[in-house]
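Student: give me the fold of what follows.
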Amino acid sequence: MVICKKKIIISTFLTTLLIFCSINFGYADLTFKKLENKKVPFLDFFLLKFETTLVKRSQILRSQVFVTRIQYQNINIQVDYDKKGEKIFIKTYAVMDKNRYSKKSYKQKLSDCNQIRNLIFYQRAGYKFFTQKRDPVLSQGIMEDIFKEVFFSNLSFNEEEINFLLNKMFVDVTIFHPINKMELNCSGKVNDYELK
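Tutor: Residues are numbered from 1 along each chain as shown. The predicted model follows:
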């Protein structure tokens, strides 16, 4: 009698477990099917891919062994789409290295701001090493070519759509000095020869 009751309890438990598992697996399949069928706007997909690529490319601004430019301890990038104005804003925040610039007196310059944009987007400083004057090797045409190759390759944009997006992209760079609590800001179109 006791053995019979145990068998019934075990049998009921196993049946309940089997029903529960089949319902959960059916629900999981249903959820994945729903997710697979959801449509994502192509612009949202592009902006996510664009921001991810920018974050990866910003690693070029890490501290250098042989210092050739301003050293940064933190870089933050945010891409926003303004539906009303139909513009894409790329906000870049750079914090200068606290250890280095607590010992050295340095005031940010417009060329530093432009170099951040150039290094992230084009992987080139765009300024001559010794004079810190604008290097014509990184012209606006070359900048556009690099931009198209890096950010629009493997995407189904035609030339007209690429040019449209380039005209709607604006970059805003802010450099923070961690000791003096000063900040420098420059902005402009993503492919402007120089930001202002």
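Student: going forward, measure contacts and count neighbours with C-alpha atoms only.
Tutor: Will do.
Student: what ranges do the strands span in the chain?
Tutor: Secondary structure of the chain (DSSP state E): strands at 72-82, 87-96, 169-176, 183-189.
Student: out of these, which gets nearest to Lys133?
Tutor: strand 183-189 (16.9 Å; CA to CA).
Student: list the buried residues of the closest one.
Tutor: Buried residues in strand 183-189, counted by 16 or more other CA atoms under 10 Å: Leu184, Asn185, Cys186, Ser187, Gly188, Lys189.
Student: residue ranges in this structure under the pLDDT threshold?
Tutor: 1-32, 35 (pLDDT under 70).
Student: can you pull the domain assignment for it?
Tutor: Structural domains assigned to the chain are 1-38, 42-189, following automatic domain parsing.
Student: got the buried residues of strand 183-189 as CSV, with distance to Tyr106 columns?
Tutor: Putting the buried residues of strand 183-189 into CSV (distance: CA to CA, whole Å) gives the following:
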residue, distance to Tyr106
Leu184, 12
Asn185, 16
Cys186, 18
Ser187, 21
Gly188, 24
Lys189, 27
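Student: for those residues, which one is nearest Thr174?
Tutor: Nearest member of the buried residues of strand 183-189 to Thr174, counting by CA to CA, is Asn185, at 4.4 Å.
Student: and that closest one, what are its bridge partners?
Tutor: Thr174 (DSSP bridges).
Student: show me the contacts for the residue most central in space within the chain.
Tutor: Residue closest to the average C-alpha location in the chain (CA atoms, centre = their mean): Glu51, at 2.7 Å. With CA atoms under 8 Å, 6 or more residues apart in numbering as the criterion, the residues that contact Glu51 are Ile77, Gln78, Val79.
Student: could you report the distance from it to Arg57?
Tutor: 10 Å (CA to CA, to the nearest Å).
Student: now Lys189
Tutor: Distance, Lys189 to Arg57, using CA to CA: 19 Å.
Student: with Leu165 instead?
Tutor: Per CA to CA, Leu165 is found 20 Å from Arg57.
Student: same deal with Gly188?
Tutor: Plainly put, Gly188 is 20 Å away from Arg57 if you go by CA to CA.
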